[in-house]
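**Student:** Predicted model and sequence follow; I will ask about them next.
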Amino acid sequence: MLNITNNKRVEASILQNHSAIKQLDNQKHFKFLNKFLIGFSIFSVLVLFLPWTQNVSGSGAVTTLKPNQRPQTIQSLISGRIEKWYVNEGDFVQAGDTILFISEIKEDYLDPNLVENTKNQMNAKEQAVSSYEGKVSALNSQMGSINNERNLKSIQAKNKIKQAVLKIKSDSMDLEALKTQVKIANTQFKRAMQLNKEGLKPLTDVEEKRLKLQEIDAKLITQENKLLSSENELINARVEISRINAEYSEKFSKAQSDQYTAESNKYDTKAQVNKLENQYNNYKIRNGMYYIKAPQSGYVNRALKSGIGENIKEGTPIVSIMPAKYDIAVETFVSPNDFPLIKKGEKVRVWFDGWPTIVFSGWPDLSYGTFGGKIVAIENFISENGKYRVLIAPDETDKHKWPTQLSIGSGVKTMALLNNVPIWYELWRTLNGFPPNYYKTDKEKNEKNTEK
């Protein structure tokens, strides 16, 4: 339905009949207020179109860029009793300077001559090793002599066998010759008896033939005995060579067994030498651990143990030290909602506690007292405080250098710059709980344009 009535004009005319309304219209300052409100409204609308730099804020503390430059505690590697302090809190120490001296409390190391005694034991065992090596060498020589003697004895026995074989052959030939002579003498004896019976030979010839036959028979028996003796000598020579092999094998085996025993003792003694050498080095190194020294140059912050005569265990922190030279950095924490927007190498604005600052989060160029930083490390695992840790180093391209008066551990606030948007968009994003726009570097933009 169209609104075509004159009710508004009627109402306005009715209002003009009131004296209060007439009085307000006649006042100049109320007219100025109306103009001011109209102008302020127009200005506010224009401000909504001004550029606003989105950012990711965080808070943290001043730290060092490298892990070896951060404050550290010095521990004792061995248990002991504090005997003397060489430094005070706040003193500057060089690397290798003695901080304190501790004494031994374990009963296994109380002997003041422990290192020297262990060294003597090690030397004695080394001499024993040398003796076993000499014994092994002597047994090697003995085994060589046994082999040489066995070879000579074997050659001698083999020669005897050859002699016995030759002698058997000679005796056999002599025996065959005697057997032939016996046959001849027997034939002659029978012929002589036959001729004697016929009266052609006298009896004396028959007796001579009989005597000769008997002599040859005796020689035959003697030769048979001689042949048997030669055969026995051959058997004895063969038995002798077996005996020689058995005897010298036994001697060689005994010498070899003694050699193996000597070598076993040598290796066992060497193992003992190595063990004693290890103990000696450990004792020697342990003696150097009684003096606890500074690992690097720095300032002694705080003595965590105090007093004389106090016992400490191995691994117990004794003093804390702050390195003298370090590269300053900032350790900040961002919320998980903003963590995907953080990138390594991104520019960050930093301001420190106790340092005068005026910060406009949306207009970083108008801020005062902030310093340029660059993200160098991002921890991808959430910290105990429910946020992600980010490490920031000074931006070398920024014209304002970080203050040299900063102390490690002082508070810091950071602001990572993202995209530029109108103020009305930032208000609308904040009211709706949307994350900031992801900032893209020039390199990423160029890569995207190249792909197109």
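**Tutor:** Nice, I can see it. Numbers count the residues shown, from 1 in each chain.
**Student:** C-alpha only now, for contacts and for neighbours.
**Tutor:** Noted.
**Student:** which stretches of this protein aren't confidently modelled?
**Tutor:** 1-36, 45-56, 200-201, 206, 354-369, 416-452 (pLDDT under 70).
**Student:** That one - how does it break down into domains?
**Tutor:** Per automatic domain parsing, the structural domains of the chain span 6-47, 52-68+326-451, 71-104+290-323, 114-288.
**Student:** and whatever helix or strand Asn281 lives in, what other elements does it pack with?
**Tutor:** Secondary structure assignment for Asn281, by DSSP states H and E: helix 203-288. Using 3 or more C-alpha pairs under 8 Å, 6 or more residues apart in numbering; DSSP states H and E, the elements in contact with helix 203-288 are helix 114-197.
**Student:** Which elements pack onto the helix it packs on?
**Tutor:** helix 203-288.
**Student:** rewinding a little: could I get the domains of the chain as CSV with mean neighbour count?
**Tutor:** CSV is the format used below for those (neighbours: other C-alpha atoms under 10 Å):
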stretch, mean neighbour count
domain 6-47, 11
domain 52-68+326-451, 16
domain 71-104+290-323, 17
domain 114-288, 16
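**Student:** before we move on, back to that, determine the next helix or strand in the C-terminal direction from the helix holding Asn281.
**Tutor:** Next element after helix 203-288 (DSSP H and E): strand 291-293.
**Student:** Can you name every helix or strand that the next helix or strand after that following strand contacts?
**Tutor:** Proceeding N to C from strand 291-293, the next assigned helix or strand is strand 298-303, under DSSP H and E. When contacts are defined as 3+ C-alpha pairs under 8 Å, 6+ apart, strand 298-303 sits against strand 92-93, strand 317-323.
**Student:** Could you tell me the angle between the last one and strand 298-303?
**Tutor:** In this case it means strand 317-323. Orientation check (axes from the mean of the first three to the mean of the last three C-alpha atoms, to 10 degrees): strand 317-323 against strand 298-303 gives 140 degrees.
**Student:** mind listing what the helix or strand harbouring Thr73 pairs with, with the direction of each?
**Tutor:** Using DSSP H and E, Thr73 sits in strand 72-75. Here strand 72-75 has these sheet partners by DSSP bridges: strand 317-323 (antiparallel).
**Student:** Other residues contacting the strand it pairs with?
**Tutor:** 69-76, 296-305 (C-alpha atoms under 8 Å, 6 or more residues apart in numbering).
**Student:** which residue lies farthest from the center of this structure?
**Tutor:** Gly199 (124.8 Å; C-alpha atoms, centre = their mean).
**Student:** Now do it against Asp205, distance only.
**Tutor:** Look at Gly199 and Asp205: by C-alpha to C-alpha, to the nearest Å, they are 12 Å apart.
**Student:** Then the residue farthest from the centre of the chain would be within a helix, right?
**Tutor:** No - using DSSP: H, G, I helix; E, B strand; the rest coil, the secondary structure at Gly199 is coil, not a helix.
**Student:** got the contact list for it?
**Tutor:** Contacts of Gly199 by C-alpha under 8 Å, 6+ apart: none found.
**Student:** do Tyr283 as well
**Tutor:** Counting by C-alpha under 8 Å, 6+ apart, Tyr283 has contacts Leu114, Val115.
**Student:** how about the helices of the stretch 301-450 of the chain, start to end?
**Tutor:** Ranges of helices in the stretch 301-450 of the chain, per DSSP state H, counting those that start in this stretch, are 423-432, 442-451.
**Student:** circling back to that earlier point, can I get the following helix or strand past the strand holding Thr73 in CSV? Just the C-alpha atoms.
**Tutor:** Counting by DSSP H and E, the next helix or strand C-terminal to strand 72-75 is strand 80-85. These are the backbone C-alpha positions of strand 80-85, laid out as CSV (Å, rounded to 0.1, in the frame of the first residue of the first chain):
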residue,chain,number,x,y,z
GLY,A,80,81.9,-35.6,44.9
ARG,A,81,82.2,-33.2,47.7
ILE,A,82,82.6,-29.4,47.2
GLU,A,83,86.0,-28.4,48.5
LYS,A,84,86.6,-24.9,47.0
TRP,A,85,84.9,-22.2,44.9
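**Student:** partners of strand 80-85, with directions?
**Tutor:** By DSSP bridges, strand 80-85 pairs with strand 98-103 (antiparallel), strand 311-312 (antiparallel).
**Student:** Can you tell me what sits against it?
**Tutor:** Applying C-alpha under 8 Å, 6+ apart, the contact partners of strand 80-85 are 99-106, 290, 307-314.
**Student:** let's see it at 6 Å
**Tutor:** Leu100, Phe101, Ile102, Ser103, Glu104, Ile105, Ile308, Gly309, Glu310, Asn311, Ile312 (C-alpha atoms under 6 Å, 6 or more residues apart in numbering).
**Student:** can you check stretch 253-262 too?
**Tutor:** Tyr132, Val136, Leu139.
**Student:** let's see 10 Å
**Tutor:** Defining contact as C-alpha atoms under 10 Å, 6 or more residues apart in numbering, one finds that stretch 253-262 is touched by 129, 131-143, 146, 247-252, 263-268.
**Student:** right, and the strands paired with strand 80-85 - which one's nearest Leu228?
**Tutor:** strand 98-103 (93.8 Å; C-alpha to C-alpha).
**Student:** and the closest one with helix 203-288, angle?
**Tutor:** Going by the same axes, to 10 degrees, strand 98-103 makes 120 degrees with helix 203-288.
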